[in-house]
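Student: Could you look at this predicted model? Sequence included:
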Amino acid sequence: MMPEPPELPPSASLQTVPPGASRVRVLLLDDEPANLHLRTAILRQHGYECIPASTIEEATELFNDIDIAVLDYHLGAGQFGTEVANLLRRRRPHVPIIILSATLDRYFGGVEDMHLLKGYSSVEDLLGALSSLEAKRRGSPVVVDARDFFYSRISMAIGSDVLVQIFDDRGVWQYCNDSVAEYLGKPRDWFPGRSVFDEMPTLMRDWRDVLQTVTLTRETYIDRTRRGLLSQPRPEEQNLTWSVLAFPITLHDNRSGVVLTARIIENPPLRTSPLLPFN
């Protein structure tokens, strides 16, 4: 369930509709009346025109009247919001879709969809997703990348004190968190689309066998040694013990991938490296 709508002071800036522009019409699908009522109230408060539906049949009848769809994943009685997403994608392929789900490793349509994870997503996350997809509908630049948005929720669930990288089976970065970017000395947006084997063949350990094995077997790899992520530990890391974990994930485009995490489990007597915010 989404949290209660925030109390906004009189001076708070809600979404305004420019003169002559129509309100963005949002389809809200949820089989829980309380959730539907709450989300409708929140979005109307922020200037959206909400069109609620509680069943797949109701939702499909409204396809021609909407600009964006917000669909709950589990609708009960063996029905799922992904059924509506597939129908909508075929009938009106340019309508953006947001799936609300408690599941991390399912595939919910095309790469332009948003995936908000219940328990980790706030009202502001939903409003931000709607705003970015509204901009896409109107032809303006999109300020939120759907893949980064999705993977950042996974990273958030793991914890900010952990180095988090997400790869495909070829070692191509799909995502890294801020801690990884700082640790490896690159901007975070430098990583996606690059191969760790090509870009850091000597700096990083050769994770080729681990990545390919985890994606193939769907098993988890655990390494608790002093080696960490790098082929050679830095001088200030010689006495540190790392916990490295690699586990399988279904990527945004339905391919198999790997989440590679690393954190220090034994701290040195003194903090000697400014590049280790997680120790």
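Tutor: Nice, I can see it. Bear in mind the structure is a predicted one, so any value in this text is a computation, not a measurement.

Student: Find the nearest non-adjacent residue to Ala53, please.
Tutor: Sequence neighbours aside, Ala59 is the residue nearest to Ala53 in space, at 4.1 Å (criterion: C-beta to C-beta, 6 or more residues apart in numbering). Bear in mind the C-beta positions are built from the backbone N, C-alpha and C, glycine included.

Student: Counting by contacts, list what the host helix or strand of Ser155 packs against.
Tutor: Using DSSP states H and E, the element containing Ser155 is helix 146-158. Packed against helix 146-158 by the contact rule (3 or more C-beta pairs under 8 Å, 6 or more residues apart in numbering; DSSP states H and E) you find strand 114-117, strand 163-168, strand 173-176, strand 256-266.

Student: And the contacts of the last one?
Tutor: Read it as strand 256-266. With contacts defined as C-beta atoms under 8 Å, 6 or more residues apart in numbering, strand 256-266 is touched by 154, 158, 161-169, 174, 207, 210-211, 214-216, 218, 224, 228-229, 239-251, 276, 278-279.

Student: which ones among those are found in strands?
Tutor: Of the contacts of strand 256-266, the ones assigned to strands by DSSP state E are 163-168, 174, 241-250.

Student: So how do I select the buried members of these in PyMOL?
Tutor: Buried members of those, defined by 16 or more other C-beta atoms under 10 Å, are picked up in PyMOL with:
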select buried, resi 163+164+165+166+167+168+174+242+243+244+245+246+248+249
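
Student: Quick one: end-to-end length of stretch 157-166, please.
Tutor: Stretch 157-166 stretches 14 Å from its first residue to its last (C-alpha to C-alpha, to the nearest Å).

Student: go on, stretch 83-101?
Tutor: Counting by C-alpha to C-alpha, you get 14 Å between the two ends of stretch 83-101.

Student: Flag every buried residue along that stretch.
Tutor: Of the residues in stretch 83-101, those buried (16+ other C-beta under 10 Å) are Val84, Ala85, Leu88, Arg89, Val95, Pro96, Ile97, Ile98, Ile99, Leu100, Ser101.

Student: Need the worst-confidence member of the residues you listed.
Tutor: Across the set of these, Ser101 stands lowest in pLDDT, at 78.

Student: Could you work out the most separated pair of the buried residues of stretch 83-101?
Tutor: In the buried residues of stretch 83-101, two members sit farther apart than any others by C-beta to C-beta. They are Val95 and Ser101, at 18.6 Å.

Student: related to what we said a few turns ago, how far off centre is the helix holding Ser155?
Tutor: Relative to its parent chain, helix 146-158 has a centroid offset of 3 Å by C-alpha atoms, centre = their mean, to the nearest Å.
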